[in-house]
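Asks: Generate a structure from the sequence data that follows.
(one chain, ligands or ions: 1)
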Amino acid sequence: MKTLLRRILIAGAAVFVALQIAPVFPRTNPAAAATSGIHNQVEVPAEMDAILRRACWNCHSNDTKWPWYGYVAPASWLIARDVDKAREIMNFSVWTEQAGKKLQMAVGMLAASCADVNIGRMPKPEYVFLHSEAMLTEADKQGFCEWTKREGKRLLVLKRKQAAASAP
Ligand code: HEC
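Replies: Predicted structure coming up:
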């Protein structure tokens with residue numbers, strides 16, 4: 001019985017070591033032009049900037065602070081995959097080239113952010129579990145949604161003005 005347990009432990013350790021050399025999504029923080037950040041299009045007041053940075057930034061930007069367990073498989077796979085998917089959908093570092101490439105896209109992404117924050121889908125609950133600083137209070141959520149709505153309206157008005165200006 002004892003030898004069986006020992007064999008299982010040794011096999012487990014071997015698998016763990018083998019996992020570490022498997023290829024993963026790259027854990028990189030690609031450089032982004034300062035002119036591409038969300039702040040170039042969306043007016044982000046200091047309190048909202050603080051919320052974005054503490055609750056969203058690690059996944060939805062190129063300035064990810066990779067935790068030490070982000071380097072240990074299999075946790076590293078899940079984290080790298082999450083960051084990869086999150087950046088692909090909405091990346092604050094390259095906002096004007098991506099989620100905010102068109103004004104109406106930016107408006108949609110702001111509205112989706114409000115909805116996701118409201119129902120607690122974002123920041124991801126498993127992330128909040130490990131990063132208590134990302135927890136949003138009811139007041140934070142309310143302030144966040146008021147801001148996304150205000151900015152959404154402002155961007156829509158801007159879009160109409162641009163359309164009117166380019167009309168023949
Ligand atoms: C732990 C990483 C992580 C954090 C932190 C995080 N997100 Fe996400 N987010 C994701 C991933 C992964 C996706 C894409 C897949 C999915 O929807 O689960 C996503 C998708 C989204 C989408 C896409 C639209 C949708 O509804 O599917 C929005 C909007 C969004 N996140 C907003 C936010 C906001 C706002 C914050 C901060 C308040 C935030 N996220 C924090 C990982 C994260």
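
Asks: tell me the SS of the nearest residue to Ala115 once chain neighbours are set aside?
Replies: Excluding its sequence neighbours, the residue lying closest to Ala115 (C-beta to C-beta, 6 or more residues apart in numbering) is Arg121, at 8.0 Å. Using the backbone N, CA and C atoms, a C-beta is placed for each residue, glycine as well. Secondary structure assignment for Arg121 (DSSP: H, G, I helix; E, B strand; the rest coil): coil.

Asks: Just the pLDDT at the spatially most central residue of the chain, thanks.
Replies: Centroid-nearest residue in the chain: His60, 2.4 Å away (criterion: C-alpha atoms, centre = their mean). As predicted, His60 sits at a pLDDT of 98.

Asks: List the contacts of it.
Replies: Applying C-beta atoms under 8 Å, 6 or more residues apart in numbering to His60 gives the contacts 86-87, 89-92.

Asks: And for Ala165?
Replies: Contacts of Ala165 by C-beta under 8 Å, 6+ apart: none found.

Asks: Pull out the buried positions in the helix ranked longest in the chain.
Replies: Taking DSSP state H as the criterion, the chain has its longest helix at helix 138-166. By neighbour count with 16 or more other C-beta atoms under 10 Å, helix 138-166 contains the buried residues 140-141, 143-145, 147-148, 151-152, 155.

Asks: same question for it, mean pLDDT?
Replies: 96.

Asks: Mind checking if it is in reach of the ligand?
Replies: No - using C-beta under 6 Å from any ligand atom, helix 138-166 stays clear of the ligand, with a minimum separation of 7.1 Å.

Asks: are any of the contacts of His60 buried, and which?
Replies: 86-87, 90-92.

Asks: Could you tell me which residues of this structure lie near the ligand?
Replies: Within reach of the ligand by C-beta under 6 Å from any ligand atom, the chain has these residues: 55-56, 58-60, 82, 85-86, 89-90, 109, 112-113, 116-117, 122-124, 127.
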